[in-house]
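K.L.:
Below are the sequence and a predicted model; questions follow.
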Amino acid sequence: MDKINSLQNAHVKAWKKLQTKKGRKQQGQYLLEGWHLVNEAVKAHVSVQTLLITEKQLATAPDLTKFPAVIEISEEVAKHISATVTPQGVFALAKLPAVKADPLSDLDLSRPWLLLDNVQDPGNIGTMVRTADAAGFAGVAFGTGTVDLHQPKVERSMQGSQFHLQLVSTDLNALVAKMQAAGIPVYGSELNPRASQYLEINAPACFGLIMGNEGNGMDAELLTRTDRNLYIPIKGRAESLNVAVAAGILMFGLYR
């Protein structure tokens, strides 16, 4: 088993760059951290190429023969390549999925989809993906301006749900057009007098639900393309709901 202890090692420098979208694209791989994510990826048959593990974790590690390559790294290296303050000491290098000419060609349109429009906070994204998974949605679309789905903080916040449903990065206008052409309604989320109270909606088995930016809401053009725009009635004095909380209410409220 190879061992790497120095931060000046060329491999370590490359792994550090996986925290950036440019680095991931150039290397064709992304980084997963922690046993939970690594094991979920293996169960989902994700192409995990190399396991990086500290001596401490190695002492209690399960069978490692399922990994094509294993490299022992120092605690210093683990801290350097981690996106967390207290790294777990276990990482996997996973191969980026091949870029499809048409990312919308093989979508499961038998169940609902969550569409994320310019959502910026990794924690919000992770919560919404996990909630979509729990609510039985088919997938989540990461629209223009939304944080990259392979960003380490996003991967970590999804906690394995990314392997349970379809995730695509796409232009939401194209996805909305595809769904509506198939007779699938698309609902926006908007707090204004023209929007419909979500409890009044009798949603079909498949629909699209768009959640917008944390501060600015949905893109104005997208709002004009939706079949209906929905709001959640607020009974107290709060001005608004966190986007992930609102998404959870709408997902479970519509898909019932």
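P.N.:
Arrived safely, thanks for sending.
K.L.:
which residues in this protein form strands?
P.N.:
2-4, 29-33, 48-54, 69-73, 90-95, 113-116, 139-142, 166-169, 186-189, 196-197, 208-211, 228-231 (DSSP state E).
K.L.:
Looking at the shortest one now, give me its mean pLDDT.
P.N.:
When pLDDT is averaged over strand 196-197, the result is 91.
K.L.:
and it, which strands flank it?
P.N.:
strand 228-231 (parallel) (DSSP bridges).
K.L.:
so what are the domain limits for this protein?
P.N.:
2-95, 113-254 (automatic domain parsing).
K.L.:
Of those domains, which is nearest Asp102?
P.N.:
domain 113-254 (9.3 Å; CB to CB). From N, CA and C alone the C-beta is placed, and that goes for glycine too.
K.L.:
So what would you say the end-to-end distance of that closest one is?
P.N.:
For domain 113-254, the first-to-last residue distance is 11 Å (CA to CA, to the nearest Å).
K.L.:
any chance of the domains of the chain in CSV, plus distance to Ser105?
P.N.:
What follows is the domains of the chain, written out as CSV (distance: least, CB to CB, whole Å):
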stretch, distance to Ser105
domain 2-95, 20
domain 113-254, 10
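K.L.:
if you skip the residues just before and after it, what's nearest to Asp121?
P.N.:
Glu214 (6.0 Å; CB to CB, 6 or more residues apart in numbering).
K.L.:
Please name the residues that touch the spatially closest residue to Ala135 that is not a sequence neighbour.
P.N.:
Excluding its sequence neighbours, the residue lying closest to Ala135 (CB to CB, 6+ apart) is Met251, at 4.3 Å. The contact partners of Met251, by CB atoms under 8 Å, 6 or more residues apart in numbering, come to 112, 114, 131-132, 135, 137, 209.
K.L.:
Kindly report the same for Tyr198.
P.N.:
Tyr198 touches 230-232, 249-250, 253-254, counting by CB under 8 Å, 6+ apart.
K.L.:
Weed out the non-buried ones from those.
P.N.:
Neighbour counting with 16 or more other CB atoms under 10 Å marks 230-232, 250, 254 as buried within these.
K.L.:
Max pairwise distance over these: which two?
P.N.:
So, the buried ones among the contacts of Tyr198 by CB to CB: farthest apart are Tyr231 and Leu254, at 12.8 Å.
K.L.:
Near Gly145, how many other residues are there?
P.N.:
14 (other CB atoms under 10 Å).
K.L.:
Only C-alpha atoms, please: export stretch 224-241 in PDB.
P.N.:
Extracted as PDB, the C-alpha positions of stretch 224-241 are listed here (Å, rounded to 0.1, in the frame of the first residue of the first chain):
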ATOM      1  CA  THR A 224     -44.000  33.000 -16.600                       C
ATOM      2  CA  ARG A 225     -43.400  29.500 -17.900                       C
ATOM      3  CA  THR A 226     -45.000  27.500 -15.000                       C
ATOM      4  CA  ASP A 227     -48.500  26.100 -15.100                       C
ATOM      5  CA  ARG A 228     -49.200  27.500 -11.700                       C
ATOM      6  CA  ASN A 229     -47.300  29.300  -9.000                       C
ATOM      7  CA  LEU A 230     -47.800  28.300  -5.400                       C
ATOM      8  CA  TYR A 231     -47.500  29.800  -2.000                       C
ATOM      9  CA  ILE A 232     -47.600  28.400   1.600                       C
ATOM     10  CA  PRO A 233     -49.900  30.400   3.900                       C
ATOM     11  CA  ILE A 234     -48.100  31.800   6.900                       C
ATOM     12  CA  LYS A 235     -50.200  32.100  10.000                       C
ATOM     13  CA  GLY A 236     -47.700  33.800  12.200                       C
ATOM     14  CA  ARG A 237     -45.700  36.900  11.900                       C
ATOM     15  CA  ALA A 238     -42.700  35.500  10.000                       C
ATOM     16  CA  GLU A 239     -42.100  37.200   6.600                       C
ATOM     17  CA  SER A 240     -41.000  34.100   4.900                       C
ATOM     18  CA  LEU A 241     -39.800  30.500   5.200                       C
END
